[in-house]
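S.K.: Need a 3D model of the following:
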Amino acid sequence: MSRLDAFIRRLQAQRTCLGLAADLVAGVPGPVLELGLGNGRTYDHLRELMPDREIFVFERQPMAHPDSAPDPDHLIVGDIRDTLPDARRIAPHGAALVHSDIGTGEAARNARLAGWLAGVLPPLMAPGGVVASDQPLEHPGLDRLPLPQGVPAGRYNLYRRLAIVAGSP
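M.R.: Numbering: from 1, shown residues only. Here you go, the predicted model:
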C-alpha cells in the first residue's frame, strides 16, 4: 500500500471514529481535550461535530492556519507531559472526549508516550467519557470499545472511561 493510501485510510478511520465518539458522549458533560493540533484539521472537524462543546487543545508548537486554531484561552502550549496533568484546572469534572493524535512514526517512542498517556488520561476524564487515539492505550480504567464498521483493527482506537478510576471524581 502506498503511503498516500495509508494516510487516506488513517484519516477516514479517524473521521469515522470521531463521529462515533461524538455520538457516544452526547450525554456526558465536560469539554473536549484535543491532544496535538498539527495543522488544525481535526480540531476544525471537532468544532463541526460538537459546536456546543468547549474544546481545549494541547500543542507543543502551534503552527496551524489561524482559521483552524483555537483562541488563546483554549490553547495550552507546551510539552504535553508538563501541561496535560494540569487539565483538571480547565475540566474540573473531567473531559467528555479526549482525542489523541500525537504519534511520531517511531514505534518505541510512541509506545512510551502511549504508556504514559494511558496512566494520565483516566483521572482527567468524566465517567463515561471516551478516548479516541491513534495509539493503543492500556489501562484498567479504560474499556476498549468496538471500532465502527469499516475501520480495521489497529487503525484507530476507542475507549470508554470506566465509572471508578483512582484519583478521579
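S.K.: drop to CA atoms for contacts and neighbour counts, all remaining ones
M.R.: Noted.
S.K.: which other helices and strands contact the longest helix along the chain?
M.R.: If you go by DSSP state H, the chain has its longest helix at helix 3-24. Packing contacts for helix 3-24, counted by 3 or more CA pairs under 8 Å, 6 or more residues apart in numbering; DSSP states H and E, involve helix 41-49, strand 125-133.
S.K.: Let me know which of the ones you listed is tucked in deepest.
M.R.: Burial of the helices and strands packed on helix 3-24 is given as mean neighbour count (mean count of other CA atoms under 10 Å); strand 125-133 ranks first at a mean of 27.
S.K.: Please pull up the helix or strand immediately following that strand.
M.R.: strand 142-144 (DSSP states H and E).
S.K.: What number of residues are in the vicinity of Leu24?
M.R.: Neighbours of Leu24 under the rule other CA atoms under 10 Å: 16.
S.K.: which non-adjacent residue is nearest it?
M.R.: In space, and not counting its chain neighbours, Leu24 is closest to Val130: 7.4 Å by CA to CA, 6 or more residues apart in numbering.
S.K.: Gly40 too?
M.R.: Ser68 is the one closest to Gly40 (CA to CA, 6+ apart), at 4.7 Å.
S.K.: ditto for Met63
M.R.: Met63's closest residue in space is Asn39 (CA to CA, 6+ apart), at 6.5 Å.
S.K.: residues contacting the one you found?
M.R.: By CA atoms under 8 Å, 6 or more residues apart in numbering, the contact list for Asn39 reads 63-65, 68.
S.K.: again, only this time at 7 Å
M.R.: 63-65 (CA atoms under 7 Å, 6 or more residues apart in numbering).
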